[in-house]
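**Q** show me how the following folds:
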Amino acid sequence: MKTEILKLSIIASLLLSLMGCEGSSGGDEHNSTIATGEVLPEGVSNPIGDTQNGEMDDCILPTDECVDSDDDNLSPAISRPNGLLPNLQFLPEVDMKVGVDYDYCNRVVPTNSVKYVYTSGDDNSADGSMSSPYKTVFKAVEDAQAGDMIVIRGGTYVETGEIRVRVPNVTITSYPDEWAVIDRSSSTYAGSNKSGIYLDVDSDGSTVQCLEIKGGLYALSTETKWDWDEVDKMGATNITVQSIKAHDSYADVVKVKPNSDDFNISYSELYDSGVGQDADDCNAEGIDNVNADRMTASHLYVHDICSNGIYLKGGAKDGVVEYSFVEDTGEGGIMLGFDTSPDYFDANNQEMYEAISAKAHHNLIKNAKGAGIGLYASKDSEVYNNTIVDTSSRFHAPIYFGISFQDGAENANRPANINPSVHHNIVSQHNDTPIVSIRYSDEFDGLSALDGDLHIDYNCYSFVLGGFTVPPIYFEDGRDRDANDNAWRGDFLEWRTHIEDDYNSENINPQLNTKSVTQIEECRYMGYKRGHSLTDDIILP
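**A** The predicted structure is shown next:
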């Protein structure tokens, strides 16, 4: 057995060396992936098997040989036509806690430069001290200087004016162990142009945390100079939003406008968008990011959204959606790319890709009426370790490659998705839809949702009815049409041949538990939470 393990170690080392993946690179364990070949942090399980006891318990490396832990014999691995390695960049196990982190909020320490707000305060005489607080958040923020902390005592504040942050590095937060609700329902209506909290172009570095925002056109929005007819087109940058509840907006719950780069939102609950809109004709996302780079959305609970849960579009680069739970959306769950007017793309994005190098990983998506995860005009995007349950009940597919028409503009390029990677996901459906669908349209002289190879493998797919997997699952590719102009459709085996990949995926019931974690060995490394890991660190609503 030791000889065989040594052989495997040598093969794996040579393979990684040939790929130029020797050594390691530093990075934050919370948000950064472990590069291929990097030494795993202490306490992190080896994604290709448990070697702590001198044995490999899985055989998923695409080498010529690998160890079969059942009988100590060497068995052949499945060859990969595209040569794509399985994902060796598993993140460290992270607590799957979504929504407000009240423990964090209770530890907030007011700084020396504080303005207090209390329901019994007086805006006319306030100096912002604990003994002479403001009555409204609006007035406290209006008087704020750069670097101030606005600390709101517990209670509900019915604010008639938009709370607009105009200076940098301002923090707005509830008092420790108390909870403030900012009620901006007065601006929740068609034609409103006022948000709950508005982060103006000069609010760089500001933080909104540990409070609740109700109502407004958007519950929270950034501002941008994009259409100000100025050379400087930047938006509010380096904004942090953490541990908030935001809901009951007329349009998007959170709006991230062009060039509002490095927007970071975490541990928050976003829900009930589209108040006052027709539920069947609604445009109100949970998070709408238009051309803001390096956005990170993590540990979110996004639900009851009338259109899409989260999308990154308009040429947004290096965006990440991770460790989040999205459910009950009127359209898609998480969308990497969508549909944007040509006016909002950067000049250096001449192809007009909607999302560039975006990642959606370790998310749970349930009950979206559209795609679980959709890709539209994306470039180099990656979808991995997500669990997608009962999505696309109205249209699309759990994993969907769509077409961006870009408002039908004459100067739009409408590119196809290029170089996407989809791996280590679980798809479990109770409704009859294709598992993966690639769209094609005859409009504009023919538009394809995918150009080139689709790198897809190591996924678990199932259609489940009454606790049993009902074969066959099927797939669609609109680029290949028959004599009657019907899109190609095939079962799992036909799909593998058609796409020339997906050879190591499984058509099997993942037997998800109440937290949507697989209970079977075949899907052990797939989905938002690796199977057989403890589930007491999964805190879902």
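
**Q** ok, Tyr218 - how many residues close by?
**A** Each residue near Tyr218 was counted by other C-beta atoms under 10 Å, and the total is 31. Quick note: C-beta positions are derived from backbone N, CA and C, even for glycine.

**Q** touching, it and Lys255? I think so.
**A** Yes. With contact defined as C-beta atoms under 8 Å, Tyr218 counts as touching Lys255 (4.2 Å).

**Q** which residues do the two both contact?
**A** Ser195 (C-beta atoms under 8 Å, 6 or more residues apart in numbering).

**Q** for Gly452, see how far away Asn259 is.
**A** Distance of Asn259 to Gly452, given as C-beta to C-beta, to the nearest Å: 30 Å.

**Q** nearest spatial neighbour of Ile388, skipping sequence neighbours?
**A** Distances taken as C-beta to C-beta, 6 or more residues apart in numbering put Gly372 closest to Ile388, at 3.5 Å, once the chain neighbours are dropped.

**Q** which ones are touching the residue located most distally from the centre of the chain?
**A** Distance to the chain centre peaks in the chain at Ser125, reaching 45.1 Å (criterion: C-alpha atoms, centre = their mean). Applying C-beta under 8 Å, 6+ apart to Ser125 gives the contacts Ser132.

**Q** poorly predicted segments of the protein, please.
**A** Applying pLDDT under 70 to the chain flags residues 1-95, 466-471, 531-538.

**Q** per the record, what domains does it have?
**A** The chain resolves into domains spanning 1-92, 93-307, 333-541 when parsed by automatic domain parsing.

**Q** coming back round to it: between Asn259 and Gly452, point out the one with more neighbours.
**A** Remark: of Asn259 and Gly452, Asn259 carries more neighbours, 22 against 10, as counted by other C-beta under 10 Å.

**Q** ok, now which ones touch the more buried one?
**A** Shown in contact with Asn259 (C-beta under 8 Å, 6+ apart): 224-226, 233-235, 237, 291-293.

**Q** the residue nearest to Ile388 contacts Pro398, doesn't it?
**A** Yes. Using C-beta under 8 Å, Gly372 is in contact with Pro398, at 4.2 Å.

**Q** what touches both of those two?
**A** Shared contacts of Gly372 and Pro398, counting by C-beta under 8 Å, 6+ apart, come down to 388, 391-392, 427.

**Q** farthest-separated two in these?
**A** Ser392 and Val427 (10.0 Å; C-beta to C-beta).

**Q** and the two? Which one has more around it.
**A** Using other C-beta under 10 Å, the more surrounded residue of Ser392 and Val427 is Val427, with 30 against 26.

**Q** which helices and strands sit right next to the host helix or strand of that one?
**A** Taking DSSP states H and E as the criterion, Val427 maps to strand 426-429. Using 3 or more C-beta pairs under 8 Å, 6 or more residues apart in numbering; DSSP states H and E, the elements in contact with strand 426-429 are strand 387-389, strand 460-465.

**Q** can you say which of these is packed in most?
**A** Mean neighbour count (mean count of other C-beta atoms under 10 Å) peaks for strand 387-389 among the helices and strands packed on strand 426-429, with a mean of 27.

**Q** that one: how far from the chain's middle?
**A** Taking C-alpha atoms, centre = their mean, to the nearest Å, one finds the center of strand 387-389 at 13 Å from the center of the full chain.

**Q** what are the pairing partners of it, and which direction each?
**A** If you go by DSSP bridges, strand 387-389 pairs up with strand 364-368 (parallel), strand 426-429 (parallel).

**Q** the ones you listed: which one's closest to Arg184?
**A** With C-beta to C-beta as the criterion, Arg184 lies closest to strand 364-368 of those, at 27.5 Å.

**Q** spatially central residue in this protein, please.
**A** Note: the chain centre (C-alpha atoms, centre = their mean) maps to Val321, 2.4 Å.

**Q** using a markdown table, lay out the domains of the chain together with distance to Gly315.
**A** Shown next, in a markdown table, are these (distance: least, C-beta to C-beta, whole Å):
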| stretch | distance to Gly315 |
| --- | --- |
| domain 1-92 | 22 |
| domain 93-307 | 5 |
| domain 333-541 | 4 |
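
**Q** returning to what we had before: please report how far the residue farthest from the centre of the chain lies from Lys139.
**A** Distance, Ser125 to Lys139, by C-beta to C-beta: 11 Å.
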